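>>> coordinates for the following, if possible.
(one chain, ligands or ions: 1)
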Amino acid sequence: MLDRIHSIATELAPRLIEIRRHLHAHPELSGKEYQTSTYIAGVLSAAGLHAEEAVGKTGVVAELPGAGTDDRLLAIRTDMDALPISENTRLPFSSKHQGVMHACGHDVHTTVGLGTAMILAQLGVEIPGKTRFIFQPAEEIAQGAAWMVADGAMKEVDSIFSLHVFPSIPAGSIGIRYGALTAAADDLEITIIGEAGHGARPHEAIDAIWIAAQVVTGLQQAISRTQNPLRPIVLTIGTISGGRAHNIIADRVEMSGTVRSLHPETHQLLPAWIEQIVTDICRTYGAKCQVNYRRGVPSVQNDIALTQILESSARAAWGNDKIQILPEPSLGAEDFSVYLQHAPGAMFRLGVGVADAKNYPLHHPQFMVDESAIITGVVTMAYTAYQYWHQS
Ligand code: NI
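All right, here's what the predicted structure looks like:
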């Protein structure tokens, strides 16, 4: 079967490159993937799949029935939005949309999703159960997955696979990680309300700036002295503002920040724990405070059994020296985790690094991929899907 998947993928390669270049030249921002979704639906229809558009606002869902001998439903999710970045790669198929660029490789993800659908469509009844392809909008604003789920994309799904490109892994290689892959990312806003006064008479005022300083350092110290250091938390206060003049004690300070964590239990405890610390510090010095903690997407936790299927499929397809077991997770965020609240899943990192060239990071105006990685991605995903049905 692996040989057959390899040979179908090789036949499809020129078409897949063409699809990827079309998507790359016509990027659309999060929630505005109108042309992209119409194009995806067209490619899916041509491959014999019925595509449903406008799922999760601008998303697309298509399903292959399989033989009907296994009742499980497998989902394969790819994201399709671009970023507000002006492309500077000088590629002949550079973005035609001013100020918008596929700088996170979602054009490659979409192409891998489409290529996998084309291969599994050709395998037909050799796939025992249903496979659902989810083309998700608005990943960059961490909302698209929730829109897709709200519109029923995860209904009856038993397991889900996905991928993300990775420029620091060379094209042809695959990164695999068990457990935590990305972090939970939350937003924090704190307002401290003191009492204004003369800069020379602190005893008649409540100094919101000094109390804010206690809060900023107090939070960092509390993380290092009260939380399990093996369950990391990164808290960054990114903005702070308050005060009107050098000799007036400030009555109000506003701060905002981001909070990253890997452990699901830590993610659960963070809102109440942070509010408690801030409130206690403020109360000690007579200030009032408002803490607005918004929980964002959770951490992506790759399921062990599904990651094993991914790993063994990738090893069989490409050989052991092309498989990297990633030693560390990323503290970046990825809304694939939203699907994982409904079914177990696993995401792999697809190497797209260009040999002997400077590889710019994701979200960079000069970000580029080695397009040969598309076939690596398609074969890995298609064979993983095949093995899902036949191994588990
Ligand atoms: Ni991305």
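
>>> elements contacting the longest strand along the chain?
Criterion DSSP state E: the longest strand present in the chain is strand 159-170. Applying 3 or more CB pairs under 8 Å, 6 or more residues apart in numbering; DSSP states H and E, we find strand 159-170 packed against strand 73-79, helix 106-123, helix 304-318, helix 336-339, strand 345-353, helix 373-391. Glycine gets a C-beta too; all of them are placed from N, C-alpha and C.

>>> and Glu11, how many neighbours?
Glu11 has 13 neighbouring residues, counting by other CB atoms under 10 Å.

>>> also Pro298?
So Pro298, with other CB under 10 Å, has 24 neighbours.

>>> close enough to count as contact, it and Ala184?
Yes - if you go by CB atoms under 8 Å, Pro298 and Ala184 touch, sitting 4.8 Å apart.

>>> which neighbours do the two share?
Residues touching both Pro298 and Ala184 (CB atoms under 8 Å, 6 or more residues apart in numbering): 264, 267, 337.

>>> tell me what the helix or strand containing Gln221 is packed against?
Using DSSP states H and E, Gln221 sits within helix 208-226. Packing partners of helix 208-226 (3+ CB pairs under 8 Å, 6+ apart): strand 184-193, strand 233-242, strand 252-261, helix 264-284.

>>> next, the angle strand 252-261 makes with that helix.
On the basis of axes from the mean of the first three to the mean of the last three CA atoms, to 10 degrees, helix 208-226 is oriented at 20 degrees to strand 252-261.

>>> now helix 208-226: buried residues?
Residues of helix 208-226 classed as buried by neighbour count (16 or more other CB atoms under 10 Å): 208-212, 214-216, 218-219, 222-223.

>>> which one of those sits closest to Phe161?
Ile223 (34.0 Å; CB to CB).

>>> and the closest one, what pLDDT?
We have a pLDDT of 96 for Ile223.

>>> now it: how far from Val43?
47 Å (CB to CB, to the nearest Å).

>>> same thing with Arg349?
Where Val43 is concerned, Arg349 sits at a distance of 25 Å (CB to CB).

>>> of these two, who's got more company?
Val43 (24 against 20).

>>> quick one, what contacts that one?
19, 114.

>>> go with 10 Å
Contacts for Val43 (CB atoms under 10 Å, 6 or more residues apart in numbering) come out as 15-16, 19, 22-23, 49, 51, 60, 62, 110-111, 113-115, 117-118.

>>> show me which of these are buried.
Buried members of the contacts of Val43, counted by 16+ other CB under 10 Å: 16, 19, 22-23, 49, 51, 60, 62, 110-111, 113-115, 117-118.

>>> tell me which element the closest residue in space to Pro167 that isn't next to it in sequence falls in.
Nearest in space to Pro167, with sequence neighbours left out and distances taken as CB to CB, 6 or more residues apart in numbering, is Asn359 at 4.4 Å. Using DSSP H and E, Asn359 falls within no helix or strand.

>>> so where does Ile19 fall, helix or strand?
Using DSSP H and E, Ile19 falls within helix 2-25.

>>> list the buried ones in that helix?
Here helix 2-25 shows 5-6, 8-9, 12-13, 16-17, 19-25 as buried, counting by 16+ other CB under 10 Å.

>>> ok, now stretch 36-55?
Using 16+ other CB under 10 Å as the test for burial, stretch 36-55 gives 36-37, 39-41, 43-44, 47, 49, 51-53, 55.

>>> ok, stretch 84-99 next?
In stretch 84-99, counting by 16+ other CB under 10 Å, buried: 85, 87, 89, 93-95, 97.

>>> could you do stretch 298-314 as well?
298-303, 306-314.

>>> how about stretch 244-261?
Buried-residue list, stretch 244-261, by 16+ other CB under 10 Å: 249-261.

>>> for it, C-alpha coordinates in CSV please.
Provided in CSV are the C-alpha atoms of stretch 244-261 (Å, rounded to 0.1, in the frame of the first residue of the first chain):
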residue,chain,number,x,y,z
ARG,A,244,0.2,62.2,34.8
ALA,A,245,3.2,64.2,36.2
HIS,A,246,6.5,63.6,37.9
ASN,A,247,5.3,65.0,41.2
ILE,A,248,1.8,63.6,41.4
ILE,A,249,1.2,60.1,42.9
ALA,A,250,-0.7,58.1,40.3
ASP,A,251,-4.1,56.8,41.1
ARG,A,252,-4.5,54.4,38.3
VAL,A,253,-2.2,51.9,36.4
GLU,A,254,-3.3,49.7,33.5
MET,A,255,-1.2,46.6,32.4
SER,A,256,-1.7,43.9,29.9
GLY,A,257,0.2,40.7,29.2
THR,A,258,0.2,37.1,27.9
VAL,A,259,0.4,33.9,30.0
ARG,A,260,1.7,30.7,28.4
SER,A,261,1.5,27.3,30.0
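
>>> Ala171 versus Thr36, what's the distance?
Separation of Thr36 from Ala171 (CB to CB): 24 Å.

>>> same question, Asp79
For Asp79, the distance to Ala171 - CB to CB - is 20 Å.

>>> who has more neighbours out of those two?
Shown here are Asp79 and Ala171; by other CB under 10 Å, Asp79 has more neighbours (29 against 22).
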